[in-house]
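Visitor: Sequence unavailable; structure follows:
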Ligand code: 2P0
């Protein structure tokens with residue numbers, strides 16, 4: 001069956017996304033259902049390319065990243081994801097999964113978002129699952145929550161869904177934005193490209209379970225989302241930036257109040273945040289957002305991005321600085 005349609009092999013490419021309204025906290029650890037809606041911009045840099053090839057006689061999946069075999073928890077997550085796809089496809093075939101990442105893995109630069117979006121698309125095609133974009137987004141979510149958003153380009157909202165709808169109700173979809181009018185860029189300051197000390201999965205769990213600030217943030221994030229949608233509709237970059245910055249700082253406040261605290265923000269992070277404040281005092285609209293790591297993403301106008309990058313570079317000598325614009329959704333490549 002499968003080989004006739006796809007040859008049992010498919011390659012997909014996907015880009016990371018950065019949330020302007022954050023996903024932080026699950027209500028279902030098995031299905032990766034989030035507590036709140038989130039909204040992101042997909043980037044035009046750091047793509048992940050994944051090839052999935054079915055091998056009829058193999059007993060185990062073979063999973064590699066950058067040519068090296070994946071092991072431990074990272075491998076387990078990929079195999080569990082393939083098991084889900086196999087269950088849906090009614091197949092017991094093992095696969096060879098080869099991934100090339102252009103972004104540091106596990107450093108809060110959304111490598112799991114691009115990674116599972118590319119894997120979802122390639123695996124669905126290789127196993128012959130007929131999936132529309134909504135179904136692919138739902139499927140990618142099962143690998144990593146934020147991957148649901150990387151199925152789509154530009155701006156996407158990931159709906160938390162309801163307990164009644166379960167798996168079916170939680171997927172991302174595009175948010176219509178006049179990208180030309182908004183003219184956004186994200187200046188990414190990589191102050192530390194090493195892997196994080198606490199996984200975002202563990203950090204979310206600890207925050208939801210122990211932080212007295214979690215519920216208030218989750219409640220205020222609803223308002224942030226409504227305000228964000230309105231600001232995006234108006235293509236009002238300053239409002240978009242202000243809302244994104246407050247939502248991110250609030251998310252980090254929830255973690256700082258967890259027991260024990262989860263602190264991803266480091267001294268260089270704060271130095272970059274100071275430089276962002278100085279840019280604003282100097283009349284340049286620039287706003288910061290941070291994820292599960294010390295790196296800072298600065299939202300600004302494309303026209304200001306070089307200037308912002310220069311200031312940020314001066315703030316963290318030795319740190320790499322990248323400029324990203326809105327990027328494409330996940331797609332299959334011709335093999
Ligand atoms: C986000 N982050 O919205 C948030 C903000 C980090 C901070 O999604 O457990 O790798 O695989 O669903 O998606 C990072 O967490 O977590 C993340 P899982 P994921 O982008």
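Guide: Received, thanks. These numbers come from a predicted model, not from an experiment.

Visitor: what helix or strand does residue 64 sit in?
Guide: With the criterion set as DSSP states H and E, the secondary-structure element containing residue 64 is strand 62-65.

Visitor: Need the residues that contact that strand.
Guide: Residues outside strand 62-65 that contact it (C-beta atoms under 8 Å, 6 or more residues apart in numbering) are 55, 69-70, 74-75, 78-79, 94-101, 105. Just so you know, the C-beta spots here come from the backbone N, C-alpha and C atoms, and that holds for glycine as well.

Visitor: swap the cut-off to 7 Å and go again
Guide: By C-beta atoms under 7 Å, 6 or more residues apart in numbering, the surrounding residues in contact with strand 62-65 are 69, 70, 75, 78, 79, 96, 97, 98, 99, 101.

Visitor: Would you write a ChimeraX line that selects the buried entries of those residues?
Guide: Here is the ChimeraX command that selects the buried residues among the contacts of strand 62-65 (16 or more other C-beta atoms under 10 Å):
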select :70,75,78,79,96,97,98,99,101
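
Visitor: Reformat the contacts of strand 62-65 as TSV; add pLDDT, secondary structure and distance to the ligand.
Guide: TSV is the format used below for the contacts of strand 62-65 (pLDDT from 0 to 100; DSSP: H, G, I helix; E, B strand; the rest coil; distance: C-beta to the nearest ligand atom, whole Å):
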residue	pLDDT	secondary structure	distance to the ligand
69	97	strand	21
70	95	coil	15
75	96	helix	15
78	98	helix	12
79	98	helix	15
96	98	strand	23
97	98	strand	17
98	98	strand	21
99	96	strand	15
101	91	strand	14
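
Visitor: now for the contacts of strand 62-65, which pair is the farthest apart?
Guide: In the contacts of strand 62-65, the most distant members under the criterion C-beta to C-beta are 79 and 101, with 18.1 Å between them.

Visitor: And for stretch 313-333, what's in contact with it?
Guide: By C-beta under 7 Å, 6+ apart, the list of residues contacting stretch 313-333 reads 10-15, 41-45, 117-118, 121, 125, 150-154, 179, 184-191, 268, 271-272, 275, 302, 305, 309, 312.

Visitor: and those residues, which are buried?
Guide: Members of the contacts of stretch 313-333 that pass the buried threshold by neighbour count (16+ other C-beta under 10 Å) are listed as 10-15, 41-44, 117-118, 121, 125, 150-154, 179, 184-191, 268, 271-272, 275, 302, 305, 309, 312.

Visitor: now the helices for the stretch 51-200 of the chain?
Guide: In chain order, the stretch 51-200 of the chain shows helices spanning 72-89, 111-126, 133-143, 147-150, 179-182, 200-210, with DSSP state H, counting those that start in this stretch as the criterion.

Visitor: Out of the ones you listed, indicate the one that is most buried.
Guide: Among the helices of the stretch 51-200 of the chain, ranked by average contacts under mean count of other C-beta atoms under 10 Å, first place goes to helix 147-150 (a mean of 33).

Visitor: so does it get close to the ligand?
Guide: No - no part of helix 147-150 sits close enough to the ligand to count as contact by C-beta under 6 Å from any ligand atom; the gap is at least 6.7 Å.

Visitor: so what secondary structure elements neighbour that helix?
Guide: Applying 3 or more C-beta pairs under 7 Å, 6 or more residues apart in numbering; DSSP states H and E, one finds that helix 147-150 makes contact with helix 111-126, helix 133-143, strand 155-158.

Visitor: Those into JSON lines, with extra columns for distance to the ligand?
Guide: JSON lines is the format used below for those (distance: least, C-beta to the nearest ligand atom, whole Å):
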{"stretch": "helix 111-126", "distance to the ligand": "4"}
{"stretch": "helix 133-143", "distance to the ligand": "7"}
{"stretch": "strand 155-158", "distance to the ligand": "8"}
